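Enquirer: Based on what follows, work out the 3D shape:
(one chain, ligands or ions: 2)
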Amino acid sequence: MKEVVINDLPVTVQLDTTTGDFIPCAEKVVRNVSDLARMFSDQETVRQIVSLGDKLVYVIRYYPFFTSKSDMALGTTAILPGKVGDEYHMTKGHFHARDDQPEIYYCVQGEGFLQMESRAGDYHAVPWQAGTITHIPPQYAHRVINTGRTTLVFVASFHVAAGHEYELIEARGFKNIIIEHGGKAVEVPNPRRSI
Ligand code: PAN
Ligand code: ZN
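Expert: Numbering: from 1, shown residues only. Ligands and ions are numbered 1, 2, ... in the order given. Model (predicted):
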């Protein structure tokens, strides 16, 4: 995140639910296939896409509302439709570094799934569409998958102090993966977890 600007006054932004863009926005981050390379199961297709110049998967926009007493942040994520091999476009997925930090996700466009998995292995894949809101408890890793034909846009609310921990997900992923099979989105066991 950029330099911290403290502002104790109310802040309002205006969201475009079709793109995830909001004004004003403090920071924009893009993630390409190369940034998610280890997350996708089809490593040969990942190498091909990257060697042909890479491909955009999603755009994140942040606004950390730092006051002198709080650090609530707004984030929006716009996941483009598409696949890497048979696996749909998705976010990297992470745990929060702090063990007492939940998050709220609110889908405003598109369709897909929110995967959540606790450190103890409690796993959920919640079907998502515009209007679905999910509370992610502390210590549940979270990832969103876009299985639709349009851009999936969701709004996130979290504390900056929560922190992001990607290592475990990068190393082994979630319990299942979500792939296209026979024109449909299906959940199948993650091959990396059955080794
Ligand atoms: C979100 C995510 C955002 C991108 O703001 O950071 O959707 O996903 P990855 O961080 O997994 O690439 C959030 O969950 N913040 O805590
Ligand atoms: Zn999070």
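
Enquirer: just the CA coordinates of stretch 169-177, formatted as PDB?
Expert: What follows is stretch 169-177, C-alpha atoms only, in PDB (Å, rounded to 0.1, in the frame of the first residue of the first chain):
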ATOM      1  CA  ILE A 169      -2.400 -21.500  -0.600                       C
ATOM      2  CA  GLU A 170       0.400 -21.000  -3.100                       C
ATOM      3  CA  ALA A 171       2.000 -24.300  -1.800                       C
ATOM      4  CA  ARG A 172      -1.100 -26.500  -1.900                       C
ATOM      5  CA  GLY A 173      -4.300 -24.600  -3.000                       C
ATOM      6  CA  PHE A 174      -7.800 -25.300  -1.600                       C
ATOM      7  CA  LYS A 175      -9.400 -28.800  -1.100                       C
ATOM      8  CA  ASN A 176     -11.100 -28.700  -4.500                       C
ATOM      9  CA  ILE A 177     -10.600 -26.900  -7.800                       C
END
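
Enquirer: interface residues of the chain facing ligand 1?
Expert: Counting by CB under 6 Å from any ligand atom, the residues of the chain close to ligand 1 are 31, 60, 75, 77, 91-94, 103, 142, 156, 158, 162, 164. The C-beta positions use only the backbone N, C-alpha and C, and glycine is treated the same way.

Enquirer: which residues in the protein form helices?
Expert: Taking DSSP state H as the criterion, the chain contains helices spanning 43-51, 167-172.

Enquirer: will you turn the ones you listed into JSON lines that also has mean pLDDT?
Expert: Shown next, in JSON lines, are these (pLDDT from 0 to 100):
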{"stretch": "helix 43-51", "mean pLDDT": "98"}
{"stretch": "helix 167-172", "mean pLDDT": "95"}
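
Enquirer: and the longest strand seen in the chain, what does it pack onto?
Expert: Ranked by residue count under DSSP state E, the longest strand found in the chain is strand 56-66. Contact partners of strand 56-66 among helices and strands, from 3 or more CB pairs under 8 Å, 6 or more residues apart in numbering; DSSP states H and E: strand 27-32, strand 71-79.

Enquirer: Next, the contact list for residue 163, please.
Expert: 96-98, 101 (CB atoms under 8 Å, 6 or more residues apart in numbering).

Enquirer: filter the residues you listed to the buried ones?
Expert: Neighbour-count burial (16 or more other CB atoms under 10 Å) applied to the contacts of residue 163 gives 96, 101.

Enquirer: ok, now how distant is the most centrally placed residue in the chain from residue 8?
Expert: Nearest to the mean C-alpha position of the chain, by CA atoms, centre = their mean, lies residue 91 at 3.7 Å. Residue 91 sits 32 Å away from residue 8, going by CB to CB, to the nearest Å.

Enquirer: Understood, closing this out.
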